[in-house]
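Chemist: Sequence plus the predicted model coming up.
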Amino acid sequence: MNTQSEALLEENLLKQLQGLGYERVVIKNDKELEDNLKIQLEKHNKINISDTEFKRVLNHLNKGNVFEKAKILRDKFVLLCDDGTSKYIEFLDSEHWCQNLFQVTSQVSVEGIYKNRYDVTILINGLPLCQIELKKSGLELKEAFNQTLRYKRHSYSSNNTLFNYIQLFVISNNVNTKYYANSKLESMNFKQTFYWSDKNNKRIDSLNEFATNFLEKCHLSKMICKYIVLAEATKSLMVLRPYQFWAVEAIIERVRDTNKNGYIWHTTGSGKTLTSFKTAQILMKLPKVEKVVFVVDRKDLDYQTTKEFNSFSDGSVDGTDNTKTLVKQFTDDTKLIVTTIQKLNTAISKKQYLEQMSMVKDKNIVFIFDECHRSQFGETHLAITKFFTNNQMIGFTGTPIFAQNATGNALGKRTTKELFDECLHKYVITDAINDENVLKFSVEYIGKYKQKENSVTNIDIAVEDIDKKELLESSDRIEKIVDYIIANHDRKTHSKEFTAMMCVSSVEMLIKYYELFKSKNHNLKIATIFSYSANEDDKDATGIVDLEEADGAYVDEEHINKHSREKLDEFIDDYNKIFGCKYSTKDSQSFYNYYNDISKRVKQ
């Protein structure tokens, strides 16, 4: 292997960053860091700051932990001047990120519990916002990661604490390079370090290529200004992964520069909520956008998504308890709305709401659809596009509908492209497996179909015009599957160390499996949940429950398919007996509590 010493690696990086427009400066210690900060803040803000005024600035910057400092960084500071007047100090220009001042230095020495020297530090407006730790080729990348943890523990909080303003870390052994956010020490994990990739998900490994793409001044500044999320629930910093970045960038460009729709194809489990939150947060600030409406398909997700959005930014979303509240949010100054497609359909179709809703029907409203292959393909999708004359629709899906699999789908035989136009970014399961963002699959085939007699050769399977549905849903096959699961459950789950999840093709099949499990002799705890909806046996069903809600309870009972709902209540009664609960489908909150209780037990 061709190895470079750490010193040579550092010098080459410094020269490369100079070539990218960074000013190279020599800063040896805390005092020189402070002196440089004063000069840079004066330049950036185009003002003069006296020594006593600068002490007030340092006192302000010295407050709080890493999370609180990240907020200080993004806010303006009202500086009380020596003459009694006030002036604003901006530490970071988040709106015009390229107009900040960029410097690079190396080997800054800080004495805390122990004396440490940091490899390469990128300064923006004089503050150390990106720290790069290097190891020579052949050494494990995790050594550099562990080094940053040691610095956080031993010296970043010492003296002027300016190194607690670091937003991003970069670690490299020249061959492999990764980045990650400066989160809380106890929550930092090597699994939360990411490779950078281009928009086609091609990984960028080497330090040289990473510097050219990621550390370019405007890009690094944009990542810090726009693509770090200050998560209120955990009081920590989060940074978007590359595919999340490219998806948001594509959506922003689409909405800003065109009136067209688009969709994002990101595999399940790839962090869609964070991507959609950051998308909504940026879209809200575009001058042309009146409101951003995040639309989900089921009541339980309405609450869950609101909770997740608010965990990123407390109070950023007002959850809609009923349609009246939703209509009010459309007509007041609420910028971001989370709602279900059912309530949205009611708001634009019921006479009592039309007068209020007509006030916004011509406004530029961006709709972000969660799992856009569901009922949004039905009549409500058309109703929304017809009612809102200036809308733009962005869909997120892990399973888009294409022409080849549109035939016979329950969503009107229309493709994702027909309803949402172009795919703006794609990150599929193979990308996620390669990036180790999801667990790898271990595929095991159990059982086989016997060869028909008189076939032409030993390898021919002489089957013609097979009815796949009849075969896959046959009672004999289902019973064999249930028997196999009961016999092998302990072995497959490591003596019940893990919870097993079974996915089936329909509610009808779910009921068959559940009742067959219930009829067998075993010691397994079986639970299930599914959505019941109006007209589910009707081939032309749109999947929309056109219900009004009062005090959290559904009042339009007559349109609900009795069979599936009654079956679900039977299954919930079984659950109640096992765990001593009192859940039911009689009101939406009790049904959500049942859903939430299952989720907690699966996690535990």
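Modeler: The structure has been received and is ready for your questions. Residues are numbered from 1 along each chain as shown.
Chemist: How far off centre is the helix or strand that contains residue 477?
Modeler: If you go by DSSP states H and E, residue 477 is part of helix 475-492. On the basis of Cα atoms, centre = their mean, to the nearest Å, the separation between the geometric centre of helix 475-492 and that of its chain is 36 Å.
Chemist: What lies in contact with it?
Modeler: Applying Cβ atoms under 8 Å, 6 or more residues apart in numbering, the contact partners of helix 475-492 are 446-447, 471, 496, 500, 502, 509, 512-513, 516-517, 520, 522, 524. Every residue, glycine included, has its C-beta placed from N, CA and C.
Chemist: Alpha carbons only: can I get the next helix or strand along the chain from it in PDB?
Modeler: As assigned by DSSP H and E, the chain's next helix or strand after helix 475-492 is helix 507-519. Extracted C-alpha coordinates of helix 507-519, given in PDB (Å, rounded to 0.1, in the frame of the first residue of the first chain):
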ATOM      1  CA  VAL A 507     -56.200  -7.700   5.200                       C
ATOM      2  CA  GLU A 508     -58.100 -10.800   4.000                       C
ATOM      3  CA  MET A 509     -54.900 -12.900   4.200                       C
ATOM      4  CA  LEU A 510     -54.000 -11.300   7.500                       C
ATOM      5  CA  ILE A 511     -57.300 -12.500   9.000                       C
ATOM      6  CA  LYS A 512     -56.700 -16.000   7.600                       C
ATOM      7  CA  TYR A 513     -53.300 -16.300   9.100                       C
ATOM      8  CA  TYR A 514     -54.300 -14.800  12.500                       C
ATOM      9  CA  GLU A 515     -57.200 -17.200  12.900                       C
ATOM     10  CA  LEU A 516     -55.100 -20.100  11.900                       C
ATOM     11  CA  PHE A 517     -52.400 -19.200  14.500                       C
ATOM     12  CA  LYS A 518     -55.200 -18.800  17.100                       C
ATOM     13  CA  SER A 519     -56.500 -22.300  16.400                       C
END
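Chemist: What lies in contact with helix 507-519?
Modeler: 473, 475, 478-479, 481-482, 486, 502, 504, 524, 526, 528, 530, 532, 536, 564, 567, 571, 574.
Chemist: which of the residues you listed count as buried?
Modeler: 473, 478, 481, 482, 504, 528, 532, 536, 564, 567, 571, 574 (16 or more other Cβ atoms under 10 Å).
Chemist: so how far is residue 158 from residue 109?
Modeler: Distance of residue 109 to residue 158, computed by Cβ to Cβ, to the nearest Å: 11 Å.
Chemist: residue contacts, residue 152?
Modeler: Neighbours of residue 152 in contact, by Cβ under 8 Å, 6+ apart: 182, 185, 188.
Chemist: Just give the nearest non-adjacent residue to the first one, would you?
Modeler: Of all residues beyond its chain neighbours, the one nearest residue 182 is residue 166 (4.7 Å), with distances taken as Cβ to Cβ, 6 or more residues apart in numbering.
Chemist: likewise residue 473?
Modeler: residue 509 is the one closest to residue 473 (Cβ to Cβ, 6+ apart), at 6.3 Å.
Chemist: now do residue 291
Modeler: In space, residue 291 is closest to residue 365, 5.0 Å off (Cβ to Cβ, 6+ apart).
Chemist: Let me have the buried ones among the contacts of helix 507-519 in JSON lines, extended by distance to residue 43.
Modeler: JSON lines is the format used below for these (distance: Cβ to Cβ, whole Å):
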{"residue": "473", "distance to residue 43": "72"}
{"residue": "478", "distance to residue 43": "73"}
{"residue": "481", "distance to residue 43": "70"}
{"residue": "482", "distance to residue 43": "72"}
{"residue": "504", "distance to residue 43": "64"}
{"residue": "528", "distance to residue 43": "64"}
{"residue": "532", "distance to residue 43": "64"}
{"residue": "536", "distance to residue 43": "66"}
{"residue": "564", "distance to residue 43": "67"}
{"residue": "567", "distance to residue 43": "70"}
{"residue": "571", "distance to residue 43": "67"}
{"residue": "574", "distance to residue 43": "70"}
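Chemist: Among those residues, find the lowest-pLDDT one for me.
Modeler: Within the buried ones among the contacts of helix 507-519, pLDDT reaches its minimum at residue 536, with 46.
Chemist: wait, isn't residue 529 in contact with residue 596?
Modeler: No - the criterion here is Cβ atoms under 8 Å, and residue 529 misses it with residue 596 at 10.3 Å.
Chemist: Measure how buried residue 293 is and give me the count.
Modeler: The number of residues packed near residue 293 is 23, by other Cβ atoms under 10 Å.
Chemist: mind starting the numbering at 66 from now?
Modeler: Okay, using 66 as the starting number, the last item reads as residue 358.
Chemist: mind giving me the domain ranges of the protein?
Modeler: Domain ranges of the chain: 71-294, 307-499, 533-668, per automatic domain parsing.
Chemist: Would you map the strands across the stretch 66-215 of the chain?
Modeler: With strands called from DSSP state E, counting those that start in this stretch, the stretch 66-215 of the chain shows them at 88-89, 141-145, 151-155, 167-176, 180-189, 192-199.
Chemist: Apart from its chain neighbours, what residue comes closest to residue 302?
Modeler: residue 246 (4.2 Å).
Chemist: Count the residues that sit near the one you found.
Modeler: The burial count for residue 246: 26, using other Cβ under 10 Å.
Chemist: Could you dump the contacts of residue 217 into a markdown table and include neighbour count, distance to residue 284 and secondary structure?
Modeler: As requested, the contacts of residue 217 are exported to a markdown table (neighbours: other Cβ atoms under 10 Å; distance: Cβ to Cβ, whole Å; DSSP: H, G, I helix; E, B strand; the rest coil):
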| residue | neighbour count | distance to residue 284 | secondary structure |
| --- | --- | --- | --- |
| 247 | 27 | 18 | coil |
| 250 | 12 | 27 | helix |
| 253 | 19 | 23 | coil |
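Chemist: for these, which one is nearest residue 404?
Modeler: Of all the contacts of residue 217, residue 404 sits closest to residue 247, with 34.8 Å by Cβ to Cβ.
Chemist: quick one: that closest one and residue 216 touch, right?
Modeler: No - Residue 247 lies out of contact with residue 216 (Cβ under 8 Å); the separation is 10.6 Å.
Chemist: Pass me the low-pLDDT residue ranges in the stretch 316-465 of the chain, would you?
Modeler: Where the stretch 316-465 of the chain drops to pLDDT under 70, the residues are 362-370, 377-386, 437-444.
Chemist: quick one: contacts for the residue nearest to residue 247?
Modeler: Residue 231 neighbours (Cβ under 8 Å, 6+ apart): 131, 193, 194, 195, 196, 221, 247.
Chemist: Give me the lowest-pLDDT entry from those.
Modeler: Among the contacts of residue 231, residue 221 has the lowest pLDDT, at 82.
Chemist: Leaving out chain neighbours, which residue sits closest to that residue?
Modeler: residue 228 (4.2 Å).
Chemist: one step back: wait, which of the buried ones among the contacts of helix 572-584 is closest to residue 319?
Modeler: residue 601 (34.6 Å).
Chemist: Mind checking what secondary structure residue 360 has?
Modeler: strand (DSSP: H, G, I helix; E, B strand; the rest coil).
Chemist: Just give the closest residue to residue 226, not the sequence neighbours.
Modeler: Residue 226's closest residue in space is residue 127 (Cβ to Cβ, 6+ apart), at 5.6 Å.
Chemist: For that neighbour, grab the count of nearby residues.
Modeler: Count around residue 127 with other Cβ under 10 Å applied: 14.
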